[in-house]
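S.K.: here is my input, please return the structure:
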Amino acid sequence: MNLSDSERVKSVIEAMGFTPTENEAEASLLGVLSCSVRQKPIDKVYNKIYVWNRQKNHRNIITFVSGCVLPNDREKFLKLFDFVFPMSELNDFPNMLKNYGIVTPLSLNHSNSQLLEGGNKMIFPLPSTTGETPFKPIKKLNQNPDKPILPVNQDIFGLWNVKPSYQSSFEAFVPIQNGCDKFCSFCAVPYTRGREISRPSTDILDEIKSLMAEGYKTITLLGQNVNSYGLDREGELSFAQLLQQIGELGNQLQNPCWVYFTSPHPRDMSRDVIETIATYQVLAKQIHLPLQSGDDQVLIKMNRKHNLDRYRESVGQIRELIPQATLFTDIIVGFTGETEEQFQNTLKSFEEFQFNMAYIAMYSPRPGAQSYRWDDDIPPATKKDRLHNLSETLETISFNYNQKLIGSQVKVLVKDKERKTGFLSGYTEGKIVTRIKSKDVSLIGKFVVLQVTEASGFSIAGELVL
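M.R.: Sure, this is the predicted structure:
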């Protein structure tokens, strides 16, 4: 989601006349999209801004933060960043800069700007040698402490209307929804993204049609709870109907791309969604279905609103209707009060459901979430042990699956060069990481057929089939 948001942020910033740079030392405008789901990403945001603010003693820098920001962090960020705003206010960012006296490259004329060598694009004024800033003092955005805790995100439609600057020529991310109504006790999303709002299906289908026509190889539908898509909009398509329309587009355009989605909720995973995926070739046969815990009592405490039997029913339908599908999940270890027996139930669930991949996180309390008020009573060392044990089990299961692919031919999307010379990297339709013995970088962004010769815990390797 942050990657998708950043593609729209880039469009807005470039429309103001700025040009991107990979070198922070050259930048006049520095921003970060935060993620409040876990503490570690937020810690990285603080590390960044402390470095940037020290640099302000030597050069002119404008800083901003957006993305998923909890109220507690927002109050602290207001003292550290020049601008703090939710993604729903991205369209107002140019006015924010203008209203507070900041000159953008587009507004500069030749008499008070620096020109790029050999061109006519204008850049930010260079740091003053006299120590005087060419900018008026920067003010913080007014924050109303009386606002409700849950953000009002109706303005998210303005964000969706921004044409993204896609960072890849063959992989695209398409938001279909924002926010969440589930209120899992460990989760901060409703307090950073607000309640569920669905993007109009006509806009989604238009964007996907355009991407397919341009030859994109993968498209990922994004939302905090994609399979409740449309429930907030009277007369809107359901998620299964949206997938059906996308499947029909794939048939009409005869585009061999893979369409993924993330993340669904087990409570809303219906049979018609699985049937639709099975019906259309363009809908990728890979499903990410977050479990979070393999113990029913922990799931109740997490307020997940599903139990093992409900999850088991969905997995059974996937295995029945899409037997070739890979299954990914999310897991939290060390949640408040998790006993050793409850953790062992999660281990057993891995054996039962045979996940190909799991994103495993150690629990960290998030301000605003219900569980933040509870004791974080599982020692860090115990959390680490559980994470390692679960990871080892996952690796064994994944290796057994991958080993069965040796000798077979699989379709692979080539994504990049490998670190090891003479190899490329990519992934299968089931998102199994793949190493390809080839130096031909012209294959990047293309589908190839691979003869699988090796398997490891989380990847396969092979040679091109000519």
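S.K.: when you work out contacts or count neighbours from here on, use the C-alpha atoms and nothing else.
M.R.: OK.
S.K.: any idea which helix or strand comes after the helix or strand of the chain with the lowest mean pLDDT?
M.R.: Sorting the helices and strands of the chain by mean pLDDT, DSSP states H and E puts strand 122-123 at the bottom, at a mean of 30. Per DSSP states H and E, the first helix or strand lying C-terminal to strand 122-123 is helix 156-160.
S.K.: tell me which residues in that following helix are buried?
M.R.: 156-157, 159-160 (16 or more other Cα atoms under 10 Å).
S.K.: redo those residues as JSON lines? Include pLDDT and distance to residue 387.
M.R.: Converted to JSON lines, the buried residues of helix 156-160 look like this (pLDDT from 0 to 100; distance: Cα to Cα, whole Å):
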{"residue": "156", "pLDDT": "81", "distance to residue 387": "36"}
{"residue": "157", "pLDDT": "83", "distance to residue 387": "39"}
{"residue": "159", "pLDDT": "85", "distance to residue 387": "37"}
{"residue": "160", "pLDDT": "88", "distance to residue 387": "37"}
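S.K.: just checking, residue 191 touches residue 73?
M.R.: No: Residue 191 sits out of contact with residue 73 when judged by Cα atoms under 8 Å, with a separation of 11.5 Å.
S.K.: of the two, who's got more company?
M.R.: Higher neighbour count among residue 191 and residue 73: residue 191, with 24 against 14, using other Cα atoms under 10 Å.
S.K.: check which element follows the helix or strand encompassing the more buried one along the chain.
M.R.: Remark: residue 191 resides in helix 189-192, with elements defined by DSSP H and E. Helices and strands here follow DSSP H and E; after helix 189-192, the next one along the chain is strand 197-198.
S.K.: for that following strand, give me every contacting residue.
M.R.: Here strand 197-198 makes contact (Cα atoms under 8 Å, 6 or more residues apart in numbering) with 153-154, 176-179, 229-233.
S.K.: what subset of these is buried?
M.R.: Of the contacts of strand 197-198, these count as buried by 16+ other Cα under 10 Å: 153, 176-179, 229-230.
S.K.: pLDDT check: weakest of these?
M.R.: Lowest pLDDT of the buried ones among the contacts of strand 197-198: residue 153, 56.
S.K.: domain assignment for this structure?
M.R.: Here the domain assignment for the chain is 2-123, 156-399, 409-464, based on automatic domain parsing.
S.K.: and the buried residues of helix 156-160, which is closest to residue 23?
M.R.: Nearest to residue 23 out of those is residue 159 (Cα to Cα; 26.9 Å).
S.K.: residue 409 contacts residue 460, doesn't it?
M.R.: No: taking contacts as Cα under 8 Å, residue 409 lies outside contact range of residue 460: 11.5 Å.
S.K.: ok, the two, which is more surrounded?
M.R.: Between residue 409 and residue 460, counted using other Cα under 10 Å, the more crowded position is residue 460 (23 against 16).
S.K.: looking at this, the more buried one is in a strand?
M.R.: Yes: looking at residue 460 with DSSP: H, G, I helix; E, B strand; the rest coil, it is inside a strand.
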